[in-house]
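> Please work out how this folds:
(2 chains)
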There are 2 protein chains.
Amino acid sequence: MNTVGILVVGNEILDGIVLDTNSQWIINRLKPLGFQVHETITVRDNVQEIGDALNRLLKDGCNLVFTTGGLGPTHDDMTLQGVAHGLKLPLELDQASLDIVTRQYKMLHERGIIESGEITDSRRKMAILPRGSKPLDNRVGGAPGVILEAKGSTIICLPGVPLELKWIFDDQVTPILKSMMREVYAERIVALPLRDESTLAPIIDQVMAEAPGVYVKSLVKPYGEEGIRLWVSSLGEDQGEVEAKVSKAVDRLVELTREKLPNG
Amino acid sequence: MNTVGILVVGNEILDGIVLDTNSQWIINRLKPLGFQVHETITVRDNVQEIGDALNRLLKDGCNLVFTTGGLGPTHDDMTLQGVAHGLKLPLELDQASLDIVTRQYKMLHERGIIESGEITDSRRKMAILPRGSKPLDNRVGGAPGVILEAKGSTIICLPGVPLELKWIFDDQVTPILKSMMREVYAERIVALPLRDESTLAPIIDQVMAEAPGVYVKSLVKPYGEEGIRLWVSSLGEDQGEVEAKVSKAVDRLVELTREKLPNG
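Coordinates of the predicted model:
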């Protein structure tokens, strides 16, 4: 199974200014393709910390790692330096990346969005990649994404700006993921008119025992609010098969709940 | 300086069902007290992974680690087991925790929120803590928070349900943090009869620019209540000095608000 790590880079997140919504978005794009996220780590804009966190994710068995943030032109954008440092790779100006940066700043300038399309040192920095990387096109902002293979894994670096991240992911990354797919996934979320998670616990245990390969997790609302949701999921080889397993488990949960807890 | 790690536990987060907002909330409560977050790690409901991630945060120099999630009664709530495993501590039934669980389920039963106040095995599980831990009261839900000292650091385990996490943090954790503060601290909370946080923003920026070392945070009231509170704080070496700084900043905020927003 494909195992994914997400490395979120940015002082603004660890200083509470920005809420990371990119991770959840990426995860929801990965799920239907059978990619499971093992772990996420959030670090500051720091070359050593970025490199160490990347290596931890690789060591923990992630064969695919996404980094988000830190690809921009300013002094605190150092994700590529961190990745290069962690992987002990030199940094090199990549012509294909520079072509993307040049085209993008020309376009932004022609549209009157920025004052000058000149490729300054700050802007050129965005095309300096760890050796062996390739750029991923970005038609929304200035910084190309980056993809490289290292230690038997694929590392994909994306901008932190959600609009850019999403564009690059859908346009450039998804075809790559499809070529990597190994399993399929099905899920359903069931709302039950119960308020008490602890009375459901034995029912959940029973259904999971009856249905190997199906995972049931209860998602609790704070006491006083109506209802508990059960999230039922399964990974497998065949789409029809995992969907049937999940359906059957859902029916069983509803049946047992009605049977054992007639008054909710 | 106090260095904090946050360990977010939960399959539901890594499977994209739930967005982690607790981390950002905790960070924003820590900031005015001078605590900086070094790193966050998000792991699945897995004893080994929880233990390993905790140890990584401690090894990375965090003298305060928060865990969120995984304190409930169901089979997938295993944060305390993970913490115990990581720290090589036995798990033991804690009477004070059990008293909290018992009291809470009795209250929820008496209010008609749950069917029975009986302390089942699932519920008792929430009072089984790593040796040496103490409970933190929870008057919103069933699971006590947990605090323990290990490897020279403080570890605080909080429920993942935001309402419970916030209640325990404000009621139980904040006094503990204040005692850990290495500098002296003064604060005042000012209520202003305004409804729009964004109009206050330039006023806040101006006062913070005029008063280095003073931190102003706006706290919006829940449930559509009138008014915004400003939390004005300062850290420093001398108690009298920080109190004077805070007083002066409060007066300035009130003055500017009256001046610039005469009609609220």
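
> Please enumerate the strands of the stretch 101-250 of chain A.
A:128-130, A:134-136, A:145-150, A:153-158, A:184-192, A:214-219, A:228-236 (DSSP state E, counting those that start in this stretch).

> Pretty sure residue A:204 sits against residue A:219.
No. Counting by Cβ atoms under 8 Å, residue A:204 stays clear of residue A:219, with 11.8 Å between them. To be clear about C-beta, it is placed using only N, CA and C from the backbone, and glycine gets the same treatment.

> Between those two, which has more neighbouring residues?
residue A:204 (23 against 18; other Cβ atoms under 10 Å in any protein chain shown).

> residues contacting that one?
A:216, A:218, A:230, A:253, B:74-75 (Cβ atoms under 8 Å, 6 or more residues apart in numbering or on different chains).

> Find out how far stretch A:57-71 is from the centre of the chain, if you would.
9 Å (Cα atoms, centre = their mean, to the nearest Å).

> Show the average pLDDT along that stretch.
Averaging pLDDT along stretch A:57-71 yields 96.

> Give me the distance between the two termini of it.
Its start and end residues considered, stretch A:57-71 measures 20 Å (Cα to Cα, to the nearest Å).

> Buried residues in that stretch, which are they?
A:57-58, A:60, A:62-71 (16 or more other Cβ atoms under 10 Å in any protein chain shown).

> Can you convert these into CSV and add a column each for secondary structure and distance to chain B?
Listed next are those as CSV, based on DSSP: H, G, I helix; E, B strand; the rest coil; distance: Cβ to the nearest Cβ, whole Å:
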residue, secondary structure, distance to chain B
A:57, helix, 10
A:58, helix, 14
A:60, coil, 8
A:62, coil, 12
A:63, coil, 16
A:64, strand, 14
A:65, strand, 14
A:66, strand, 13
A:67, strand, 15
A:68, strand, 13
A:69, coil, 14
A:70, coil, 15
A:71, coil, 20
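
> in stretch A:204-217, what's buried?
A:204, A:207-208, A:211, A:214-217.

> could these go into CSV alongside distance to residue B:116 and pLDDT?
Converted to CSV, the buried residues of stretch A:204-217 look like this (distance: Cβ to Cβ, whole Å; pLDDT from 0 to 100):
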residue, distance to residue B:116, pLDDT
A:204, 18, 90
A:207, 21, 94
A:208, 23, 92
A:211, 27, 92
A:214, 28, 91
A:215, 27, 86
A:216, 22, 87
A:217, 23, 80
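
> so what's the closest residue in space to residue A:32 that isn't next to it in sequence up against?
Among residues not flanking residue A:32 along the chain, residue A:185 sits closest, at 6.0 Å (Cβ to Cβ, 6 or more residues apart in numbering or on different chains). When contacts are counted by Cβ under 8 Å, 6+ apart, residue A:185 touches A:31-34, A:233-235, A:242.

> Ok, residue A:232 next?
A:187-190, A:214-216, A:246, A:249-250, A:253.

> Close to chain B as well: tell me which of those qualify.
Under the cut-off given by Cβ under 8 Å from any Cβ of the partner chain, chain B has A:189, A:215 from the contacts of residue A:232 close to it.

> Mind giving me the PyMOL command for buried ones among the contacts of residue A:232?
Remark: buried members of those, expressed as a PyMOL selection using 16+ other Cβ under 10 Å:
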select buried, chain A and resi 187+190+214+215+216+246+249+250+253
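
> Closest to residue A:22 out of the buried residues of stretch A:204-217?
Taking Cβ to Cβ as the measure, residue A:22 sits nearest to residue A:217 out of the buried residues of stretch A:204-217, at 22.7 Å.

> gap between that closest one and residue B:77?
From residue A:217 across to residue B:77, the span is 10 Å (Cβ to Cβ, to the nearest Å).

> Check residue A:158 too.
In this view, residue A:158 and residue B:77 are 33 Å apart by Cβ to Cβ.

> of these two, who's got more company?
Using other Cβ under 10 Å, the more surrounded residue of residue A:158 and residue B:77 is residue A:158, with 29 against 24.

> list the contacts for the more buried one?
Counting by Cβ under 8 Å, 6+ apart, residue A:158 touches A:22, A:66-68, A:71, A:136, A:145, A:164-165, A:168-169, A:173.

> Distance from the chain centre to the host helix or strand of residue A:255, please.
For residue A:255, the host element (DSSP states H and E) is helix A:239-260. From the chain centre to the centre of helix A:239-260 is a distance of 28 Å (Cα atoms, centre = their mean).

> so where's the stretch 1-150 of chain A shaky on pLDDT?
Low-confidence segments of the stretch 1-150 of chain A, defined by pLDDT under 70: A:1.

> Flag every residue of the stretch 51-200 of chain A that's near chain B.
Checking the stretch 51-200 of chain A against chain B by Cβ under 8 Å from any Cβ, the hits are A:53, A:56, A:189, A:195-200.

> Just the buried ones out of the residues you listed, please.
A:53, A:56, A:195-200.

> between these, which is nearest residue A:121?
Of all those, residue A:53 has the smallest distance to residue A:121: 27.2 Å, by Cβ to Cβ.

> who touches that closest one in this structure?
A:7, A:41, A:43, A:86, B:39.

> and it, what element?
Using DSSP H and E, residue A:53 maps to helix A:47-59.

> just the angle between that helix and strand A:153-158, please?
Interaxial angle of helix A:47-59 relative to strand A:153-158 (axes from the mean of the first three to the mean of the last three Cα atoms, to 10 degrees): 140 degrees.

> about what we covered before: tell me the two of the contacts of residue A:158 that are most distant?
A:22 and A:136 (15.3 Å).

> about what we covered before: can you add distance to residue A:153 and give the contacts of residue A:204 back as JSON lines?
Listed next are the contacts of residue A:204 as JSON lines, based on distance: Cβ to Cβ, whole Å:
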{"residue": "A:216", "distance to residue A:153": "31"}
{"residue": "A:218", "distance to residue A:153": "33"}
{"residue": "A:230", "distance to residue A:153": "34"}
{"residue": "A:253", "distance to residue A:153": "37"}
{"residue": "B:74", "distance to residue A:153": "33"}
{"residue": "B:75", "distance to residue A:153": "32"}
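
> Which of the residues you listed lies at the shortest distance from residue B:118?
For the contacts of residue A:204, the nearest to residue B:118 is residue B:74 (16.5 Å; Cβ to Cβ).

> Spatially nearest residue to that closest one (excluding sequence neighbours)?
Nearest one to residue B:74, counting by Cβ to Cβ, 6+ apart, is residue A:201 at 4.6 Å.

> For the one you found, list the residues it contacts.
Residue A:201 sits next to A:218, B:73-75, B:122 when contact means Cβ under 8 Å, 6+ apart.

> try 10 Å
A:218, B:72-77, B:120-123, B:125 (Cβ atoms under 10 Å, 6 or more residues apart in numbering or on different chains).

> Tell me where the stretch 1-150 of chain A has helices.
Listed in chain order, the helices of the stretch 1-150 of chain A (DSSP state H, counting those that start in this stretch) span A:11-14, A:22-30, A:47-59, A:79-87, A:95-110, A:121-125.

> Among the contacts of residue A:53, which pair sits farthest apart?
Once Cβ to Cβ is applied, these give A:86 and B:39 as the farthest pair, at 15.0 Å.

> which outside residues touch stretch A:90-102?
Counting by Cβ under 10 Å, 6+ apart, A:73, A:80-81, A:83-85, A:117-119, A:123-139, A:142-146 sit against stretch A:90-102.

> Can you get me a residue count around the residue nearest to residue A:205 when sequence neighbours are not counted?
Spatial nearest neighbour of residue A:205, excluding adjacent residues (Cβ to Cβ, 6+ apart): residue B:75 at 5.9 Å. Neighbour count for residue B:75, taken as other Cβ under 10 Å: 17.

> ok, now how distant is residue B:75 from residue B:200?
Distance from residue B:75 to residue B:200, by Cβ to Cβ: 47 Å.
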